[in-house]
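Trainee: Give me coordinates for this.
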Amino acid sequence: MYTHNLLRKTELHILGIALENADLNQIAKAVAATLALDAGKVLVTDVQRHRVTVDILTGTVDMSRITGSEKALLKALSRVNGVSLKPDASVRADGMLGWIAADDKAEVREALARSQTLAQDIAGRIEKRAIVFSTGPEVAGGEIRDTNMPAISEALERRGFTVTRGGVLGDDDILIAGVLRNAIEGRGYGLVVTTGGVGAEKKDRTVEALLLLDPDAAAPFVCRFEKGTGRHVKEGVRIAVGKFGGALIVALPGPNDEVKLSLDALCACLDGVYDIHTIAESLAEALRKHLRAL
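Mentor: Sure thing, here's the model as predicted:
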């Protein structure tokens, strides 16, 4: 199986086709069945004279079922009531779906295997690219030295990561979310780490920013406070671990001793295969033990 990302090029154009009282749902089902796709993931989006456009509502497809399937697809469509095809009918598409019209399957399989290997190599490189962001006006203004960045860099570099200093984030969840999104989608980082901004005060917005990107992120409490006491406007201190665009995002606390404790737990998880909830709970428990010992 060669599963490939369609990279948002998801339209198929069927040319030389004529419709007369045809059921568009049946056309979509014929396309789905031929290409081994879920019928709910195929939709006819446009009908023009001698042209029907179908959208594939999924990000990836099995290219072994797509490649060279033009004739089979046209044959399946010709069996749909109300559909007739001209002798020169064809299927056209951009991107990976363009392989549907390929004739030499052996050559295509070889090309797809090469691209799969290249994609895996690129994914592996991205996975080992990390960027670290700090928070807090004290750091931004140079009032205090950022001791977290060196500690995080050293720990991650020992595990084969290339680490970049991302700068200091402002106390705005939408702004933070935008910066993190750009680091992943625009700059190609596979691991994004933030420090600070996880507390119970109004200015602490890092966890909220992560939840904007991944509403299903794990965000366990490290400790709880009575809401409304002092400057606490939230129920307590949380850390968070989420996923976005294939990248792992980790929101750590700000104090350096807590960052170092979190790093031990994080690196232990990075050495294995763990889901975000396991990683988050491992981080939170390490910090809880630290607080109980104080």
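Trainee: From here on, just use CA atoms for contacts and neighbour counts.
Mentor: OK.
Trainee: wait, what's in contact with Lys29?
Mentor: For Lys29, the residues meeting the contact criterion (Cα atoms under 8 Å, 6 or more residues apart in numbering) are Ala39, Val42.
Trainee: Could you identify the helix or strand that succeeds whichever helix or strand it is part of?
Mentor: Assigning secondary structure by DSSP states H and E places Lys29 in helix 24-34. Counting by DSSP H and E, the element after helix 24-34 in chain order, helix or strand, is strand 42-48.
Trainee: can you give me the angle that following strand makes with helix 24-34?
Mentor: Using axes from the mean of the first three to the mean of the last three Cα atoms, to 10 degrees, the interaxial angle of strand 42-48 with respect to helix 24-34 works out to 130 degrees.
Trainee: Who are the packing partners of strand 42-48?
Mentor: Counting contacts by 3 or more Cα pairs under 8 Å, 6 or more residues apart in numbering; DSSP states H and E, strand 42-48 packs against helix 24-34, strand 51-56.
Trainee: Which one, of these, ends up nearest to Ala265?
Mentor: Nearest to Ala265, of all the helices and strands packed on strand 42-48, is strand 51-56, at 41.1 Å by Cα to Cα.
Trainee: Which strands and helices lie in contact with the following helix or strand past that closest one?
Mentor: Note on strand 51-56: by DSSP H and E, the next helix or strand toward the C-terminus is strand 60-62. Other helices and strands packing on strand 60-62, by 3+ Cα pairs under 8 Å, 6+ apart, are strand 3-5.
Trainee: for this structure, what helix or strand is lowest in average pLDDT?
Mentor: Of all regular secondary-structure elements in the chain, judged by mean pLDDT, DSSP states H and E, the least confident is strand 3-5 with a mean of 51.
Trainee: And the next helix or strand past that one?
Mentor: Moving toward the C-terminus from strand 3-5, the first helix or strand encountered (DSSP H and E) is strand 11-19.
Trainee: Sheet partners, orientation included, of that next one?
Mentor: Each strand that strand 11-19 pairs with, and the sense of that pairing, follows from DSSP bridges: strand 51-56 (antiparallel), strand 83-93 (antiparallel).
Trainee: pLDDT of that strand, averaged?
Mentor: If you average the pLDDT over strand 11-19, you get 92.
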